[in-house]
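J.: Could you look at this predicted model? Sequence included:
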Amino acid sequence: MKKFSCASIQMISSDDVNANLREAGELIEKAAHGGASLVVLPENFALMGETESAKLAIAEPEGQGPIQAFLAKTAKDTGVWIVGGTVPLQAEHGKVYASSLVIDNQGKQVARYDKIHLFDVDVPGTNEQYRESNTIAAGDNPLVVSTPFGMLGVVICYDLRFPELFRSMSRNGLDLLAIPSAFTAKTGHAHWDVLIRARSIENLCYTIASNQGGRHGNGRETYGHSMVVDPWGNVLNSLGQGAGVVLGEIDTDQTRRTRDAFPVLQHRRLVNC
């Protein structure tokens, strides 16, 4: 597939799972009607709870549960591939994995990525504190999966700050990045745009970055500015704040042409670092 349309979905998810799923479904349908073949949902699309532990109550075993059923049915009904933001899947010791599921246009799960880097930080200049490791078990396997759109890599939010992860994915044939996120307003204002564009530039790939974008019922404010970026770091389309759909056209020939003309990936020397 040389050219295709993609969509980055932006939401302001609440603590009402059913309402969030309804809105996600409407936005995916809108994206499909706009011509998108690949749709990326944001992190925590199904739930932004009052507390971090709220996700434990809705944790699902892999292959079962209403959130996974929603993704499968919506993908099949709309005929699009979906990168399912994050779904809380059951883990050991009373925790969950923050899992991004890749669902094909027949509703079949073809890949799963568990968030590797957990957001255990005090946000500078604010009173915001996050300890994802209290409720989330870290994954340890990067994901690059073959799709009709090329070799698709998936990372989640805080992963964006670790370029060595992307280099390992690049060595595994990365063509296209999906980045479901829930970046805070403070860190997003400082770093979201530059990090997204840098990962595209460094790896000469398209990036579909889907963020939460507004003030949530739990008081948390997320940055928004979901976007589609080309291999040269150009922002093809974006959205400030609020729920919506960001459409973009992916041209795989452009990726090839850019890499042929500017073969930075072939010039790497510190390959074992």
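T.: That came in fine, so what should we check first?
J.: And the most centrally placed residue in the chain, what's its pLDDT?
T.: Taking C-alpha atoms, centre = their mean, the centroid of the chain lies closest to P180, which sits 1.8 Å from it. For P180, the pLDDT comes out at 98.
J.: ok, the host helix or strand of it: who's next to it in the sheet?
T.: Here P180 sits within strand 176-181, counting by DSSP states H and E. Sheet pairing for strand 176-181, assigned by DSSP bridges, gives strand 150-154 (parallel), strand 206-211 (parallel).
J.: got the buried residues for the longest one?
T.: Buried positions in strand 206-211, judged by neighbour count with 16 or more other C-beta atoms under 10 Å: 206-211. Where C-beta positions appear, they are placed from N, C-alpha and C, glycine not excepted.
J.: now swap in stretch 241-260 and tell me
T.: Judged by neighbour count using 16+ other C-beta under 10 Å, the buried positions of stretch 241-260 are 241, 243-250, 252, 254-255, 258-259.
J.: Would you state the helices of the protein in chain order?
T.: Using DSSP state H, the helices of the chain run over residues 17-33, 66-78, 163-171, 185-187, 193-203, 252-261.
J.: Make a markdown table out of these and add mean pLDDT and distance to V123.
T.: Shown next, in a markdown table, are those (pLDDT from 0 to 100; distance: least, C-beta to C-beta, whole Å):
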| stretch | mean pLDDT | distance to V123 |
| --- | --- | --- |
| helix 17-33 | 98 | 24 |
| helix 66-78 | 98 | 28 |
| helix 163-171 | 95 | 21 |
| helix 185-187 | 96 | 5 |
| helix 193-203 | 98 | 15 |
| helix 252-261 | 95 | 35 |
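J.: Out of the ones you listed, flag the one nearest D122.
T.: Closest to D122 of those, according to C-beta to C-beta: helix 185-187, at 11.0 Å.
J.: circling back to that earlier point, determine which two of the buried residues of stretch 241-260 are furthest apart.
T.: Pairwise distances across the buried residues of stretch 241-260 peak at 34.8 Å for A243 and R259 (criterion: C-beta to C-beta).
J.: N20 against L41, yeah?
T.: No: contact criterion C-beta atoms under 8 Å: N20 and L41 do not qualify, at 10.0 Å.
J.: Comparing those two, which shows the higher neighbour count?
T.: L41 (29 against 21; other C-beta atoms under 10 Å).
J.: residues contacting the more buried one?
T.: L41 makes contacts with 9, 11, 24, 28, 82-85, 180, 210, as judged by C-beta atoms under 8 Å, 6 or more residues apart in numbering.
J.: excluding its backbone neighbours, what's nearest S170?
T.: Residue nearest to S170 in three dimensions, not counting chain neighbours: N203, with 4.9 Å by C-beta to C-beta, 6 or more residues apart in numbering.
J.: Check M48 too.
T.: S13 (4.3 Å).
J.: Tally up the residues packed near the one you found, please.
T.: Number of residues near S13 (other C-beta under 10 Å) recorded here: 28.
J.: Over to W232?
T.: Using other C-beta under 10 Å, W232 has 12 neighbouring residues.
J.: so it touches I201, yeah?
T.: Yes: between W232 and I201 there is a contact under C-beta under 8 Å: 7.0 Å.
J.: Apart from its neighbours in sequence, what residue is nearest T222?
T.: Excluding the flanking residues, the one nearest T222 by C-beta to C-beta, 6+ apart is Q212, at 3.7 Å.
J.: quick one: contacts for the residue nearest to K73 when sequence neighbours are not counted?
T.: Nearest non-adjacent residue to K73, counting by C-beta to C-beta, 6+ apart: G107, 6.3 Å away. Shown in contact with G107 (C-beta under 8 Å, 6+ apart): 71-73, 75-76.
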